[in-house]
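J.: Next one to model:
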Amino acid sequence: MSEWTFITNHGAVLALIAQHGQITAREIAATLGMTERPVRRIIAELEDAGYLCKQRVGRANRYQVNLDVPLRRPEARATMVGELLQVLNLSRSREP
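T.: Modelled structure (predicted):
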């Protein structure tokens, strides 16, 4: 039987960042059973698409999820990322 999940790698990375904010690509990779390279690529894609903002804090990055961006699928464009994370119980409170 093939293994699959409902949440894509992009969604899983976004959810971990939404939960933790200051988490490294290495920690994300270890949590998701991935290597760092695809995690870094996913973070860059999410940032380029406007789903994440990255701020350098000392030697670490701090991420903030833009909760007001619509999902990418055409039939789900009325749903914002924050709403999805809330339904999945994966969002932190909004903090600067």
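
J.: Now do the residue nearest the centre of the chain against residue 43, distance only.
T.: Centroid check for the chain by C-alpha atoms, centre = their mean gives residue 14 as the closest residue, at 0.9 Å. For residue 14, the distance to residue 43 equals 9 Å [C-beta to C-beta, to the nearest Å]. Yep, even glycine has a C-beta here, placed from its N, CA and C like the rest.

J.: one step back: what sits against the residue nearest to the centre of the chain?
T.: The neighbours of residue 14, taking C-beta atoms under 8 Å, 6 or more residues apart in numbering as the test, are 46, 51-52, 65, 81, 85.

J.: Overlap in contacts, residue 14 and residue 43.
T.: Residues touching both residue 14 and residue 43 (C-beta under 8 Å, 6+ apart) are residue 52.

J.: returning to that earlier point: which of the three states applies to the residue nearest to the centre of the chain?
T.: helix (DSSP: H, G, I helix; E, B strand; the rest coil).

J.: pLDDT value on residue 41, please?
T.: At residue 41, the model reports a pLDDT of 98.

J.: Correction: the previous question concerned residue 94.
T.: Residue 94 is given a pLDDT of 46.

J.: Equivalent analysis for residue 21, please.
T.: Residue 21 is assigned a predicted lDDT (pLDDT) of 82.

J.: Is it in contact with residue 64, as I believe?
T.: Yes. In this structure, residue 21 is within contact of residue 64 by C-beta atoms under 8 Å, at 6.8 Å.
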